[in-house]
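A.B. asks: Curious how this folds, go ahead:
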Amino acid sequence: VMRAVGKVMEGGGEELVGLMEAEGTIGMVVDKAVRMSKGKVTVKDLLSLGAVWYAPSQFSNPESGKLNSAHVKPIRLGLGDAGRHVHAGDYLRVHYNPRRFPVNKKLEIVGEDEEVGYVVVDKPCGLPCHPTVDNTVENVVTILGGGDNGTRYLGLPSRLDHDTRGLLVLATDKKFAGYYSRLLRGKTMAETTE
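C.D. replies: The predicted model follows:
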């Protein structure tokens, strides 16, 4: 169904990248990737995590099996896309072994001021600040209700590495995000890590 190349990503994840050779559904193609993961994940897991990407054939190159241009960005598919039909030449990227992160659904909020436009959380070690290419669910922004499917704006004027624990300032207002970014750029406030 798919002419594919499996490869290892930085950080240990693995992906299946290629062009469709025949028509089918996203669920059918993702099922092939699930078999490559040796049962570690399900089709539902991969689509729920946002580990599947798609671009229609007009943006793909049949010779290389890649997208035509660095300016073309595939779209991330979700659980509702399992029955979506794909056609010969369509581009798919399936992260069949997505990185998983420990999630504590109740992040400790240390301070918050909605009027000024910020929230400060104690980010635990092992949890990324923002969605990753193979996992949009297990991160600080999504847990707090931000991100592509979130209910509120949450900007990251600064970040902490995923393996770093510490206080993280998130902007709940775009004006505050710009203000805080300027403070950091101008080195008018000190950043410290443990």
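
A.B. asks: Low-confidence ranges, the protein, go.
C.D. replies: 1-14, 39, 104-105, 147-150, 188-194 (pLDDT under 70).

A.B. asks: any chance you could map the strands in it?
C.D. replies: Remark: strands assigned in the chain by DSSP state E are 2-8, 14-20, 24-25, 52-55, 60-61, 66-67, 75-77, 85-86, 91-94, 108-113, 118-123, 166-171.

A.B. asks: Just say which of these is most tucked in.
C.D. replies: Highest mean neighbour count among the strands of the chain (mean count of other C-beta atoms under 10 Å): strand 91-94, with a mean of 26. In short, each C-beta sits where N, CA and C put it, glycine included.

A.B. asks: That strand pairs with which strands, parallel or anti?
C.D. replies: Sheet partners assigned to strand 91-94 using DSSP bridges are listed as strand 14-20 (antiparallel), strand 52-55 (antiparallel).

A.B. asks: right, and those - which one's nearest residue 37?
C.D. replies: Smallest distance to residue 37 across the strands paired with strand 91-94 (C-beta to C-beta): 7.9 Å, for strand 14-20.

A.B. asks: before we move on, the earlier item: could the strands paired with strand 91-94 go into JSON lines alongside distance to residue 185?
C.D. replies: Below are the strands paired with strand 91-94 laid out as JSON lines (distance: least, C-beta to C-beta, whole Å):
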{"stretch": "strand 14-20", "distance to residue 185": "34"}
{"stretch": "strand 52-55", "distance to residue 185": "32"}
